[in-house]
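Novice: With the sequence up front, the predicted model follows.
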Amino acid sequence: MNNVFVKSEFAPLKRVVMAQSEVAFPLIIDPEEVKFLQEEEEDRYSGVDILGKNFKDLFPDEQKKWEEERENLKTVLEKYNVEVIVPRLLTEYEKELGKEDGYSNFFIRDPFFTIGHFLIEGSLRFPYRRNEVLPARDILVNESSTNKCMYVSLPRPDISKGPKSEDGPFLEGGDILVLDKTIFAGRSGLASNSKGIKWLERLLDHYGYEVVDVPLHPAILHLDCALGLVKEGLMIVCEEALLKGVPEQLKGWDRINISLEDASKLAANGLPINENVYITDPEFKYIGDELERRGMTVEYIDFKITRSFGGAFRCSTQPLLRNDD
């Protein structure tokens, strides 16, 4: 049996990597790197010297709640017989390397992603996230050596114009949605860019995939903040965030519509376990009600602390195996 393959966003989830809960602030905060966060989170940091500090040291109670949120997610996943793999923590040396830009080990969706039998290391835009793949690297090496899959990596970002050059290529897993041989790739200007999407297009074209470029509202970090494929024919979508409208391939699908404000709160970033079960936050019970009305089971987990960092259930996980077999 091959244990690395992702058919779609809602094919039965069998194996998944779940994120750790580590982040530290840079010595200088770039407004571009935080403009997608909610206003109440800016209030939390008001008057606190956060520069160069670890979140755990500054806010130990919130850190504990954050870790509990992830453990609650793990419990629900295992309830449905999903194998959960967790990356290692950052080493002291890795933290020291990130002392200036900050460091993170908190949203495993972005540093690598799985499409079909491909394991792909991404290329992240924000400097503080560029080493985020390292705690998961041994997982990728092990999975690629024991399964029939192809392990590839994007080129490192071009920094010839400085460490924050916009050239890229950038491609992050939160911008990638899989629907069989159709791959939707988001592009808001905050994460993935056209060079990254073109790289993916050229790679996958040899294997019969179509890559669909999806321009996003500039306040939206990733595509999975604006669009969630729940099951065949059903999506959660913020149409205002899709600058060219819903992609043609999804035009006939049933829609649960959300506002741009709720998209920024991660309303679309739930996690289908399969076509019958969906995980979301009680903050979005109105979405859960719509899903239950359509015959689905909804599992609610309070993910407030996780969401405060700009990600939720999908961001906290990266599937290795989603298949009907």
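Specialist: Yep, it's here. Numbers count the residues shown, from 1 in each chain.
Novice: Got phi/psi on the residue of the chain positioned farthest from its centre?
Specialist: Centroid-distance maximum for the chain: residue 47 at 29.9 Å, with Cα atoms, centre = their mean. Per-residue torsions, residue 47: phi 80, psi 0 (degrees, to the nearest 10).
Novice: Buried residues in stretch 90-98, which are they?
Specialist: 90, 94-95, 98 (16 or more other Cβ atoms under 10 Å). For the C-beta atoms, the positions are set from N, CA and C on the backbone; glycine is no exception.
Novice: quick revisit: how far away is the residue farthest from the centre of the chain from residue 7?
Specialist: 49 Å (Cβ to Cβ, to the nearest Å).
Novice: residue ranges with poor pLDDT in the stretch 1-150 of the chain?
Specialist: Confidence mapping of the stretch 1-150 of the chain against pLDDT under 70 gives the ranges 1, 31-43.
Novice: likewise the stretch 151-300 of the chain?
Specialist: By pLDDT under 70, the stretch 151-300 of the chain has no low-scoring segment.
Novice: where do the helices sit along it?
Specialist: Taking DSSP state H, counting those that start in this stretch as the test, the helices found in the stretch 151-300 of the chain are 194-205, 260-264, 285-293.
Novice: Among those, which comes closest to residue 238?
Specialist: helix 260-264 (3.8 Å; Cβ to Cβ).
Novice: hmm, who's touching that closest one?
Specialist: The set of residues external to helix 260-264 that reach it, using Cβ atoms under 8 Å, 6 or more residues apart in numbering, is 36, 38, 217, 219-220, 225-226, 238, 240-241, 284.
Novice: Among those, which one sits closest to residue 113?
Specialist: residue 225 (15.4 Å).
Novice: What is the burial count for residue 235?
Specialist: A count of neighbours around residue 235, defined by other Cβ atoms under 10 Å, yields 19.
Novice: thinking again about what came up before, could you identify the buried members of the contacts of helix 260-264?
Specialist: Buried among the contacts of helix 260-264 by 16+ other Cβ under 10 Å: 36, 217, 219-220, 225-226, 238, 240-241, 284.
Novice: Got the phi and psi for residue 222?
Specialist: The phi/psi pair for residue 222 (degrees, to the nearest 10) is phi -130, psi 160.
Novice: need the contact list for the residue lying closest to it once chain neighbours are set aside.
Specialist: The shortest distance from residue 222 to any non-neighbouring residue, by Cβ to Cβ, 6 or more residues apart in numbering, is to residue 174 (3.1 Å). Residues in contact with residue 174 (Cβ under 8 Å, 6+ apart) are 107, 109-110, 186, 191, 221-225, 311, 314-315.
Novice: What of residue 225?
Specialist: So residue 225 contacts 174, 238, 241, 263-264, 266, 268-269 (Cβ under 8 Å, 6+ apart).
Novice: And residue 278, by the same measure?
Specialist: Contact partners of residue 278, counting by Cβ under 8 Å, 6+ apart, are 230, 270-272, 288, 291, 296-299.
Novice: same thing but at 6 Å, please
Specialist: 270, 272, 291, 296, 298 (Cβ atoms under 6 Å, 6 or more residues apart in numbering).
Novice: what do you get for residue 294?
Specialist: Listed by Cβ under 6 Å, 6+ apart, the contact set of residue 294 is empty.
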